[in-house]
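>>> below are the sequence and a predicted model; questions follow.
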Amino acid sequence: MRAESHLRDTGQRRVRLVTAAVAAMGAVGSLAVAAYAGLAASQAADSQDTPRHSAASSSANNTSAASTSSSGRSARRSSGSAQAKVVRPAQPAATPQATSSGS
Amino acid sequence: MHLTQQAPAEPGVAEWPVWTTTARVVTTDPSVVAAARRLVEAQLAAVDQAASRFRPDSELMRLAASPGRPTEVSPLLAELVSVALRAAAETDGALDPTLGSQLSMLGYDRYIAQVGAAGDAQPPVSGVSIHPRHGWRDIRLDGHRLTVSRGVVLDLGATAKAWAADHCAAAVVRELGGGALVGLGGDVAVAGTDPAQCWTILVQDGYDEPASLVTLGTARGLATSSTLRRSWQRDGRRMHHILDPRTALPAPTVWRSVSVAAETCLEANIHSTATVVRGSQGLASLRQRGLPCRLVRDDGSVVALNGWPA
């Protein structure tokens, strides 16, 4: 009787240990997945110069904000091209169809 | 058989004065430019009748006769007020459409070309009563029923002109096909197909100001807000038309002009004007939104952000 009880207790402990180990592995796995997702998102932000990335390098100071922008362009050449599709530099000889002159 | 390649036709252009600025319509098909102008003139006349602060017979000014009571307004005025309220919410109140009375008290109570002479005859700025006043959250718009508090005169200028540019460009393309550009001073909207060389815009706030020549890619709107334009002297002080809702006075001139490109001219204008109001704090917001923009500091130096061509 005692032996059976001992075996049952031991078995239950093993089951609990195995369950805890699996849970821990799951947590580690989740952390790994989250870390990978974070890394992927960060890489995506780098390639697109997203607002999140820009905000990280922003400053309330005008001068430093401007210099950050300039250095950011040279450091992440691909980032400028993604945004440049919104507005592009015109050929110097191009004739403008309109002037945006403030109002 | 000979195939001759014809050069694309030059776009058609029409230009005329309106709202103390210049309206410009450009159509990729030059044969429709006259019809396009008529369409745009009709749309602008409707906006003026609905929302002008300078016409006693406008729907907006007649609202003042029934303060504090829900008033049935036209779908157009309801739309313009709705747009202004969305802009106020989106900018956390940096754009506030309830500043019409304050602008009038500061001297901007008529077309800007007429303000200079009258401005100095008015009470000094220090004597202007600006508090307490109502803000944009006090406006009630339920469908077409609009309630405005006593003493409040709406000023929809910040958003109505940009909204009009968007809608005029869309209307021209809808009715006449092809591609169209509509410019109203600083507010430029395009719709439909692009011309062969894309839409090319000169961004320059006056002849002596720094210039930037750009073409629009995915952007369909470009707006420039300026503290140089629509300015006047009052009580020995230089005034301009972009007020800071926190003080009800002209925003400090950190930026002489701010240009923003966006999906619509309205969106571009909301953020260019809000940046003028926010001063140096406005940079962070522009960076966060990722809208290509160009800012000219008060000393004339230029900041280009978010992919605006350097």
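Everything's here; your move. Note that the coordinates shown come from a computational prediction; the quantities given were computed from them, not determined experimentally.
>>> low-confidence regions, the chain specifically.
I'll assume chain A. Applying pLDDT under 70 to chain A flags the ranges A:1-84.
>>> my bad, chain B
Ranges of chain B meeting pLDDT under 70: B:1-8, B:112, B:116-133.
>>> now with 80, please.
B:1-9, B:65, B:103, B:105-134, B:228-240 (pLDDT under 80).
>>> which parts of it are helices?
Ranges of helices within chain B are B:33-51, B:59-62, B:75-90, B:100-105, B:112-119, B:157-176, B:265-278, B:282-289, based on DSSP state H.
>>> any part of the last one near chain A?
What that stands for is helix B:282-289. Yes - Helix B:282-289 is in contact with chain A by CB under 8 Å from any CB of the partner chain, via B:Leu283, B:Ala284, B:Arg287, B:Gln288, B:Arg289. Just so you know, the C-beta spots here come from the backbone N, C-alpha and C atoms, and that holds for glycine as well.
>>> got a winner among those for most neighbours?
B:Leu283 (26 neighbours; other CB atoms under 10 Å in any protein chain shown).
>>> OK, now which residue of the stretch 51-200 of chain B is nearest to chain A?
Closest approach of the stretch 51-200 of chain B to chain A (CB to the nearest CB) occurs at B:Gly185, with a separation of 3.1 Å.
>>> for burial, what's the neighbour tally of that residue?
24.
>>> thought it was touching B:Thr21?
Yes - between B:Gly185 and B:Thr21 there is a contact under CB atoms under 8 Å: 3.5 Å.
>>> what's the overlap in contacts for these two?
A:Ser103 (CB atoms under 8 Å, 6 or more residues apart in numbering or on different chains).
>>> about what we covered before: quick check: closest non-adjacent residue to the residue of the stretch 51-200 of chain B closest to chain A.
Closest residue to B:Gly185 apart from its sequence neighbours, by CB to CB, 6 or more residues apart in numbering or on different chains: A:Ser103 at 3.1 Å.
>>> let me see the contact set for that neighbour.
By CB under 8 Å, 6+ apart, the neighbours of A:Ser103 are B:Thr21, B:Lys161, B:Leu184, B:Gly185, B:Gly186, B:Asp187, B:Thr224, B:Ser225, B:Ser226, B:Arg229, B:Arg230.
>>> that one: what secondary structure?
coil (DSSP: H, G, I helix; E, B strand; the rest coil).
>>> which residue does the stretch 1-150 of chain B have closest to chain A?
Closest point on the stretch 1-150 of chain B to chain A, by CB to the nearest CB, is B:Val26, at 4.8 Å.
>>> what's opposite B:Arg140 in the beta bridge?
B:Thr147 (DSSP bridges).
>>> and for it, the neighbour number?
13.
>>> how about B:Asp298?
B:Asp298 - counted by other CB under 10 Å - has 11 other residues nearby.
>>> same thing with B:Arg62?
Neighbour tally, B:Arg62, other CB under 10 Å: 13.
>>> quickly note the distance from it to B:Cys293.
Separation of B:Arg62 from B:Cys293 (CB to CB, to the nearest Å) stands at 38 Å.
>>> mind listing what's buried in stretch B:10-19?
Within stretch B:10-19, the residues scored as buried using 16 or more other CB atoms under 10 Å in any protein chain shown are B:Pro11, B:Gly12, B:Ala14, B:Val18, B:Trp19.
>>> ok, stretch B:92-101 next?
So for stretch B:92-101, counting by 16+ other CB under 10 Å, buried means B:Gly93, B:Ala94, B:Leu95, B:Asp96, B:Pro97, B:Thr98, B:Leu99, B:Gly100, B:Ser101.
>>> in those residues, find the pair that's most separated.
For those, the farthest-apart pair by CB to CB is B:Ala94 and B:Ser101; their separation is 18.5 Å.
>>> check the buried residues of stretch B:10-19 one by one and keep those near chain A.
B:Pro11.
>>> give me the subset of the buried residues of stretch B:10-19 lying in strands.
Among those, the members found in strands (DSSP state E) are B:Gly12, B:Ala14, B:Val18.
>>> name whatever forms a beta bridge with the last one.
When bridges are called by DSSP bridges, B:Val18 pairs up with B:Thr21.
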